[in-house]
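**Student:** Mind looking at a prediction? Sequence and model below.
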Amino acid sequence: MKRSGKLCCVAVLSALMLVLICQVPGSGAASCNYMDLVVCAGAVTSPQPPSTDCCAKVKEQKPCFCEYLRDPTLRQYVTPQDAKRVARQCRVALPKC
């Protein structure tokens, strides 16, 4: 697989991880699309801090976190530790699902 293909996969998987870990039962306030969190890939897969864009998406997707956590497809790509770390760095409180 080419490097760009691998980076794309990492980005998608990282976004999935964030979304899976931090969900709140769907309130309808946000459009739940885990792909919106691709901007957080670097922060999820490395020690680099999340960008402003990443944190904005984490806050926007917060109502979707529980839904993402229940999705077995997403859970295989996202570790709770990384998702919690990024949410904490973005100052987003994790809901109880």
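**Tutor:** Noted; the coordinates are in hand.
**Student:** which regions of this structure sit below the pLDDT cut-off?
**Tutor:** 1-30 (pLDDT under 70).
**Student:** For it, which segments count as helices?
**Tutor:** Counting by DSSP state H, one finds helices in the chain at the ranges 3-21, 41-45, 52-61, 65-70, 72-75, 80-89.
**Student:** Tell me who's in contact with P49.
**Tutor:** Contacts for P49 (C-beta atoms under 8 Å, 6 or more residues apart in numbering) come out as A43, Q89. Using the backbone N, CA and C atoms, a C-beta is placed for each residue, glycine as well.
**Student:** Quickly note the distance from it to N33.
**Tutor:** As judged by C-beta to C-beta, to the nearest Å, P49 and N33 stand 24 Å apart.
**Student:** Ok, R88 next?
**Tutor:** From R88 over to N33 (counting by C-beta to C-beta), the distance is 23 Å.
**Student:** Could you do E60 as well?
**Tutor:** For E60, the distance to N33 - C-beta to C-beta - is 10 Å.
**Student:** ok, those two, which is more surrounded?
**Tutor:** More crowded of E60 and N33, by other C-beta atoms under 10 Å: E60, with 16 against 13.
**Student:** unless I'm mixing things up, that one is touching L37, no?
**Tutor:** No - between E60 and L37 there is no contact, the gap being 9.2 Å when judged by C-beta atoms under 8 Å.
**Student:** buried sites along stretch 50-57?
**Tutor:** By neighbour count on 16 or more other C-beta atoms under 10 Å, the buried set for stretch 50-57 is P50, C54, C55, K57.
**Student:** Reformat those as TSV; add distance to Q81.
**Tutor:** Listed next are those as TSV, based on distance: C-beta to C-beta, whole Å:
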residue	distance to Q81
P50	15
C54	17
C55	18
K57	19
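**Student:** out of those residues, who's nearest P80?
**Tutor:** P50 (16.3 Å; C-beta to C-beta).
**Student:** If we ignore the residues flanking it in sequence, what's nearest that closest one?
**Tutor:** A43 (3.8 Å; C-beta to C-beta, 6 or more residues apart in numbering).
**Student:** tell me the contacts of the one you found?
**Tutor:** A43 neighbours (C-beta under 8 Å, 6+ apart): S14, P49, P50, S51, C54, V86, Q89.
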